[in-house]
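Visitor: Mind folding the following:
(chains A and B)
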Amino acid sequence: ILNVEQSPQSLHVQEGDSTNFTCSFPSSNFYALHWYRWETAKSPEALFVMTLNGDEKKKGRISATLNTKEGYSYLYIKGSQPEDSATYLCASSGGSYIPTFGRGTSLIVHP
Amino acid sequence: DGGITQSPKYLFRKEGQNVTLSCEQNLNHDAMYWYRQDPGQGLRLIYYSQIVNDFQKGDIAEGYSVSREKKESFPLTVTSAQKNPTAFYLCASSIRAGANYNEQFFGPGTRLTVL
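Guide: Down below sits the predicted model:
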């Protein structure tokens, strides 16, 4: 079992604040790192998939980076909005291709 | 619309009864997965199937069983042997293991409560 850790567990920010979360994963035998957004009463949806060391992905105000050598990824949200409130999951997979999920970071953005 | 459906959304059962959770996908995906979520925990893999008529145990398979007779369907049975079955169950699919970096598509989930 891969150990995928996410921090912080939860986060409360004000509208307009920028924030970031961390996902750490075993760096050996790495295949891919996924970020998913899970809004209340909805299904988790894919945000990013990253595979190469140094990868950076961006979607609007949300971006992510990947360091496979040290085994971590950061997710950044610039200028948080209430609609960004969700649980953000990261999942790492190795040679078996089967992902292991972290516990998630719950973000609440207050208007 | 293509997607994954799970039914029912909420399910109540008496202790000692087996219960089957439905998962159907029309995405033409080869691989399907069942996860369990408990408060404060991540998604934990119960079973997965990479092709019809084949499936493998995940990290917490004890007390569960699955079948994969059709590509579109991957039902999960929670048996009376599962000691703590009350949880939220998520079904997912992916194109196939190793393709598209195994991006997962999720259903809406079933919340099972055993009384």
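
Visitor: From the contact counts, what lies against the helix or strand of chain A with the lowest mean pLDDT?
Guide: Within chain A, confidence by mean pLDDT, DSSP states H and E is lowest for strand A:100-101 among all helices and strands, at a mean of 93. Using 3 or more C-beta pairs under 8 Å, 6 or more residues apart in numbering or on different chains; DSSP states H and E, the elements in contact with strand A:100-101 are strand A:86-93. C-beta: built from backbone N, CA, C; applies to glycine.

Visitor: Can you confirm whether the strand it packs on lies near chain B?
Guide: Yes - counting by C-beta under 8 Å from any C-beta of the partner chain, contacts between strand A:86-93 and chain B involve A:L89, A:A91, A:S93.

Visitor: That strand - which strands sit beside it in the sheet, and in what orientation?
Guide: With DSSP bridges as the test, strand A:86-93 is paired with strand A:32-38 (antiparallel), strand A:100-101 (antiparallel), strand A:105-110 (antiparallel).

Visitor: Tabulate those (CSV), appending mean neighbour count.
Guide: Listed next are those as CSV, based on neighbours: other C-beta atoms under 10 Å in any protein chain shown:
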stretch, mean neighbour count
strand A:32-38, 23
strand A:100-101, 22
strand A:105-110, 18
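
Visitor: so where do the strands sit in chain A?
Guide: Taking DSSP state E to define them, one finds strands in chain A at A:5-7, A:10-14, A:19-24, A:32-38, A:45-50, A:56-59, A:62-67, A:72-77, A:86-93, A:100-101, A:105-110.

Visitor: For those strands, could you give me JSON lines that also reports distance to B:N100?
Guide: As requested, the strands of chain A are arranged in JSON lines below (distance: least, C-beta to C-beta, whole Å):
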{"stretch": "strand A:5-7", "distance to B:N100": "23"}
{"stretch": "strand A:10-14", "distance to B:N100": "30"}
{"stretch": "strand A:19-24", "distance to B:N100": "20"}
{"stretch": "strand A:32-38", "distance to B:N100": "9"}
{"stretch": "strand A:45-50", "distance to B:N100": "8"}
{"stretch": "strand A:56-59", "distance to B:N100": "15"}
{"stretch": "strand A:62-67", "distance to B:N100": "17"}
{"stretch": "strand A:72-77", "distance to B:N100": "18"}
{"stretch": "strand A:86-93", "distance to B:N100": "12"}
{"stretch": "strand A:100-101", "distance to B:N100": "18"}
{"stretch": "strand A:105-110", "distance to B:N100": "25"}
